[in-house]
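> curious how this folds, go ahead:
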Amino acid sequence: MALISWVGSGLCSIPQLVVFGVQQAPTATPFYQCVTHGYYEEDWQETAYILATFTVMGAAPLFVIITCYTAIFLKLQVETHHRSLYSLLFKRNQEKIVSNESTRLRLNTGTKRDEIMRRAVMKSLWISLLVIITFIICWAPYYIAMLYYLIVRDANNQQVLLMSQIIFVFGMSNSVFNPIIYGASHLLCCRKSHLARGSTMRKGTRMTVRLSQRDLPQPPPDSPPIPAALRPLRTSRSL
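Numbers count the residues shown, from 1 in each chain. Predicted coordinates for the structure are as follows:
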């Protein structure tokens, strides 16, 4: 996939090499920049280029993002459903009983796996929504401005030029927001896991084992009575 992405990016950049050219700006100080001025002979050529740019840089990436994250979410949903059915059909096989003379602990490993899958589904859903919404918020103003330019054709309006530059920079910031989204979601999940482990350990330390008279070996019926000072008391201890 990485190779396909690099090859596709290289092919999509070929029109930029043809359309753009370096020209000196009409300023007092020497200033050169890449522009498309003087390349288009007719208006339909610029319109075709802008629409092609919108398709390759806007519509196609948005379609790929929505498709991939939808496939991930559906895959996790199917896995969660299968694990739930497995837990219902083989519940006894998934349960482990740990017992000794004083304690009996029942651990259900299937339930823990189901909870992990459920959290993975919710995490995938939230990340998908955030990535898609961020992409739309960042790039929608830029392409709306480009479509507005195709209709109005007012290239000499300084306010329009300034706004188009600001909107373009805002669209490019989408590459900055994506790592923040992934990093924040990872840190939040790590924090929740740490709190959950701490809560489990605190519960384990508070668990007590109570020893009653029936848990202790009883003397034979014909044995002499045990003095009160030597009788075992009901005690509790923390694990």
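> outside of stretch 172-187 itself, list whatever touches it.
K123, W126, I127, L130, V131, T134, F135, C138, W139 (C-beta atoms under 8 Å, 6 or more residues apart in numbering). The C-beta positions use only the backbone N, C-alpha and C, and glycine is treated the same way.
> show me the shaky parts of the protein.
Residues of the chain meeting the criterion pLDDT under 70: 81-114, 154-158, 160, 188-239.
> out of the contacts of stretch 172-187, which end up buried?
I127, L130, V131, T134, F135, C138, W139 (16 or more other C-beta atoms under 10 Å).
> helix/strand/coil for the first one?
Using DSSP: H, G, I helix; E, B strand; the rest coil, the three-state assignment for I127 comes out as helix.
> gap between the residue nearest to it when sequence neighbours are not counted and F20?
Sequence neighbours aside, S185 is the residue nearest to I127 in space, at 5.6 Å (criterion: C-beta to C-beta, 6 or more residues apart in numbering). Distance of S185 to F20, given as C-beta to C-beta, to the nearest Å: 38 Å.
> tally of neighbours for D43?
10 (other C-beta atoms under 10 Å).
> over to Y142?
Neighbours around Y142, by other C-beta under 10 Å: 21.
> likewise for the one 4 residues further on?
For M146, the neighbour count with other C-beta under 10 Å is 17.
> circling back to that earlier point, in terms of helices and strands, where is the residue nearest to I127?
Per DSSP states H and E, S185 falls inside helix 174-206.
> same check, this time on P30
Here P30 is covered by no helix or strand, with elements defined by DSSP H and E.
> find the nearest non-adjacent residue to it, please.
Spatial nearest neighbour of P30, excluding adjacent residues (C-beta to C-beta, 6+ apart): Q24 at 6.6 Å.
> state the distance from that neighbour to Q33.
Distance of Q24 to Q33, given as C-beta to C-beta: 8 Å.
> okay, and the beta partners of Y32?
Here Y32 sits in beta bridges with Q24, going by DSSP bridges.
> quick check: V22 is in a strand.
Yes. Counting by three-state DSSP, V22 falls inside a strand.
> can I assume it is in contact with T36?
No. Contact between V22 and T36 fails when scored by C-beta atoms under 8 Å: they sit 11.5 Å apart.
> quick one: which of the two has more around it?
T36 (14 against 8).
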